[in-house]
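Colleague: I'll drop the sequence and a predicted model, then ask my questions.
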Amino acid sequence: MPADYYELLGVSPDASTDEIRKAYRRKARKYHPDRNPDDPDAENKFKEVREAHDVLKDEQKRAAYDRFGHAGVNGMGGGAGAQGGFGDINDIFGDIFGDIFGGGRRRQSQSRRGQDLRYTLELDLEEAVAGIEKEVSLPTLGECQTCDGSGSRSGRLDVCSTCGGQGQVRMQQGFFSVQQTCPACRGSGRTIKDPCDDCNGSGQVRETRTLQIKIPAGVDTGDRIRLSGEGAAGAQGGMAGDLYVDVQVRPHPLFQRDGDDLFFEVPISITTAALGGQLKVPTLDGSVILKIPPETQSGKVFRLRGKGVQSVRSRSSGDLLCRVEVETPVNLSRDQKELLKQLQESLDDQPEQSPQSSGWTDRVKSFFDRMGF
């Protein structure tokens with residue numbers, strides 16, 4: 001059964017034409033498919049509220065609807081369902097101006113779209129990797145509630161007498177004709193004779209808006225999130241702009257990120273490097289055991305598969321790259337120093353046990369021989 005037209009617009013059956021017009025504009029903005037690309041039901045809801053407005057704004061159709069319900073207006077040619085499609089969102093304002101000036105929707109509004117806004121959101125690495133919902137507050141221009149964004153106390157916008165509602169005027173300079181923006185209405189094609197006291201006729205007021213922004217998992221510095229219709233309100237009832245959220249990930253004390261891979265350095269002792277061992281190393285989802293094989297050299301990189309970042313654009317995950325750095329012990333006791341000397345003496349007798357050192361020594365000797373040093 002079709003929904004009640006008054007309930008669709010959220011007004012009472014004794015609502016005035018002006019109340020119906022304002023209610024329609026609010027609902028049409030809310031459900032217009034251009035502002036709800038991810039809502040498959042938005043188009044149907046938009047058509048329903050438009051159909052309700054087309055009937056209730058017309059005195060004859062409204063009287064028939066009040067007396068006989070939907071049966072009283074079927075076949076009268078009204079409604080978005082009969083027209084099919086929803087057109088451009090500016091049609092919403094065209095309907096409104098048609099009500100004011102008469103003759104239906106002859107002219108579309110030339111109201112101006114609001115500015116796009118930009119906001120830089122700083123995240124910790126853990127937040128960027130896991131995804132999070134953040135509450136942010138930003139100063140912006142919002143729709144004036146006193147005049148419902150029209151800029152006029154009465155809601156009435158008159159055709160500009162200078163340009164005849166075209167928003168452009170033609171200037172004759174000798175043989176040349178130059179077209180420029182109308183100086184009287186600034187290109188809107190409309191003028192306000194009774195500007196709203198709260199917004200001075202702009203339809204916009206300064207406000208601080210609080211938003212819940214959902215950040216998908218895997219974002220990185222430089223990623224941008226677009227929130228449609230969350231920018232500044234449009235002038236004189238125009239569409240709101242968009243909000244662009246630029247992601248900035250703070251430096252992490254342990255990990256460095258390279259795409260979907262994470263990188264960090266792990267200090268190990270000389271004995272662990274020489275004899276091998278196990279280390280407990282951190283990851284973003286807990287600790288894991290890293291096995292160090294014997295005779296590991298400083299700078300060796302170990303790859304932990306799938307322990308990096310899950311890509312924001314796919315389900316694949318990067319790796320965690322662990323680079324080991326052999327640490328030289330400090331504050332040695334006399335006995336410890338003596339033991340190291342004994343170790344060094346034994347290694348000097350067997351140079352093949354220090355492959356990098358012996359190879360480096362051979363290259364230096366060859367260089368000196370060539371240079372005649």
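Modeller: In hand now; what should we look at?

Colleague: from here on, just use CA atoms for contacts and neighbour counts.
Modeller: OK.

Colleague: next, the buried residues of stretch 257-273.
Modeller: For stretch 257-273, burial by neighbour count (16 or more other C-alpha atoms under 10 Å) applies to 257, 260, 261, 262, 263, 264, 268, 270, 272, 273.

Colleague: what is the neighbour count of residue 308?
Modeller: Using other C-alpha atoms under 10 Å, residue 308 has 25 neighbouring residues.

Colleague: sorry, that was for residue 249
Modeller: For residue 249, using other C-alpha under 10 Å, the count is 20.

Colleague: how about residue 334?
Modeller: Residue 334 has 8 neighbours, counted by other C-alpha under 10 Å.

Colleague: among the buried residues of stretch 257-273, which lie within strands?
Modeller: The members of those that map onto strands under DSSP state E are 257, 261, 262, 263, 264, 268.

Colleague: can I get the residues you listed in CSV with distance to residue 350 and pLDDT?
Modeller: As requested, those are exported to CSV (distance: C-alpha to C-alpha, whole Å; pLDDT from 0 to 100):
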residue, distance to residue 350, pLDDT
257, 42, 95
261, 40, 95
262, 39, 96
263, 36, 96
264, 34, 93
268, 24, 94
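
Colleague: distance to residue 313 added to those residues, as TSV?
Modeller: Below are these laid out as TSV (distance: C-alpha to C-alpha, whole Å):
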residue	distance to residue 313
257	16
261	14
262	17
263	21
264	24
268	36
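
Colleague: and the pLDDT for the residue lying closest to residue 312 once chain neighbours are set aside?
Modeller: With sequence-adjacent residues excluded and distances taken as C-alpha to C-alpha, 6 or more residues apart in numbering, residue 312 is closest to residue 218, at 4.4 Å. Looking at residue 218, its pLDDT reads 93.

Colleague: so residue 218 sits against residue 132, correct?
Modeller: No. Using C-alpha atoms under 8 Å, residue 218 makes no contact with residue 132, being 10.2 Å away.

Colleague: between the two, which has more neighbouring residues?
Modeller: More neighbours surround residue 218 than the other of residue 218 and residue 132, with 23 against 15 (other C-alpha under 10 Å).

Colleague: list the contacts of that one.
Modeller: Residue 218 sits next to 128, 129, 130, 131, 260, 309, 310, 311, 312 when contact means C-alpha atoms under 8 Å, 6 or more residues apart in numbering.

Colleague: could you confirm the first one falls within a helix?
Modeller: Yes. Residue 128 sits within a helix when classified using DSSP: H, G, I helix; E, B strand; the rest coil.

Colleague: on that earlier part again, so the residue nearest to residue 312, which of the three states?
Modeller: The local conformation at residue 218, judged by three-state DSSP, is coil.

Colleague: thinking again about what came up before, can you pick the most crowded of the contacts of residue 218?
Modeller: Within the contacts of residue 218, neighbour counts (other C-alpha under 10 Å) peak at residue 309, which reaches 28 neighbours.

Colleague: which one of the ones in strands among the buried residues of stretch 257-273 is nearest residue 249?
Modeller: Residue 249 lies nearest to residue 257 out of these, by C-alpha to C-alpha, at 9.9 Å.

Colleague: bridged to the nearest residue to the closest one once chain neighbours are set aside, which residues?
Modeller: Once flanking residues are discounted, residue 257 sits nearest to residue 263: 6.3 Å by C-alpha to C-alpha, 6+ apart. According to DSSP bridges, the residues that bridge with residue 263 are residue 256, residue 321.

Colleague: identify the residues contacting residue 263.
Modeller: Contacts of residue 263 (C-alpha under 8 Å, 6+ apart): 255, 256, 257, 320, 321, 322, 323.

Colleague: including distance to residue 35, could those residues go into JSON lines?
Modeller: What follows is the contacts of residue 263, written out as JSON lines (distance: C-alpha to C-alpha, whole Å):
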{"residue": "255", "distance to residue 35": "39"}
{"residue": "256", "distance to residue 35": "38"}
{"residue": "257", "distance to residue 35": "35"}
{"residue": "320", "distance to residue 35": "40"}
{"residue": "321", "distance to residue 35": "43"}
{"residue": "322", "distance to residue 35": "46"}
{"residue": "323", "distance to residue 35": "48"}
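
Colleague: which one of those is nearest to residue 37?
Modeller: residue 257 (33.0 Å).

Colleague: redo the contacts of residue 218 as TSV? Include distance to residue 249 and pLDDT.
Modeller: Converted to TSV, the contacts of residue 218 look like this (distance: C-alpha to C-alpha, whole Å; pLDDT from 0 to 100):
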residue	distance to residue 249	pLDDT
128	7	94
129	10	94
130	13	92
131	12	92
260	14	93
309	13	94
310	16	91
311	15	89
312	14	87
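
Colleague: helices of the chain, residue ranges please.
Modeller: 5-9, 17-31, 42-56, 59-68, 80-83, 90-101, 125-130, 270-275, 334-349, 355-371 (DSSP state H).

Colleague: with respect to residue 147, which of the ones you listed lies nearest?
Modeller: Closest among the helices of the chain, using C-alpha to C-alpha: helix 17-31, at 9.7 Å.
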